[in-house]
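Participant: my questions concern the predicted model and sequence given below.
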Amino acid sequence: MGYGIGSPAAANEPGWNTDKAICVPEFASGIYKLTAQAGKEGSTTLGERFRLSGWSGKFYKDTSWGGLGAFTLAAGSETLLQVASDGNLEIASGAALEEGATYCLTVDVTGGNDSPVVSLVKE
């Protein structure tokens, strides 16, 4: 939920509307991955799901705001992501994604829903 990721394109951000929440597919037990390209804010190009900058959002375990614990960044992800003081995930200060490049966003809850680990890597 939030801003910076849309589906099927960046223009389709859910904001904080649970009716528009984006489901991140389970890649393996407890590991959820979304691989997509980066595009400009408002992009309607299919597959350009990640906004270049200006992210702010969280992942929830269900659409009734069922929360996960405080996010921890996977090693190496701090160049692209940061956890803001309100617990939201944001693009790291001074960073921006490369337009047209492919990125993989991973949420790992194998350590439990109270200990989610998030990574964002350029593929």
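Facilitator: Here it is on my side, so go on. Residues are numbered from 1 along each chain as shown.

Participant: C-alpha from now on. contacts and neighbour counts both.
Facilitator: Fine.

Participant: for Cys23, give its distance to Ile5.
Facilitator: Using Cα to Cα, to the nearest Å, Cys23 is found at 11 Å from Ile5.

Participant: and the two? which has more neighbours close in?
Facilitator: Per other Cα atoms under 10 Å, whichever of Cys23 and Ile5 has more neighbours is Ile5, with 27 against 16.

Participant: the more buried one and Arg49 touch, don't they?
Facilitator: Yes: the pair Ile5 / Arg49 is scored as a contact, 5.5 Å apart, by Cα atoms under 8 Å.

Participant: let me see the ranges of the strands in this structure.
Facilitator: Counting by DSSP state E, the chain has strands at residues 2-3, 26-28, 31-39, 48-51, 56-57, 72-73, 81-83, 89-91, 102-108, 117-122.

Participant: the first one - contacts with which helices or strands?
Facilitator: Meaning strand 2-3. Strand 2-3 sits against strand 56-57, with contacts defined as 3 or more Cα pairs under 8 Å, 6 or more residues apart in numbering; DSSP states H and E.

Participant: now stretch 84-95: buried residues?
Facilitator: 88-92 (16 or more other Cα atoms under 10 Å).
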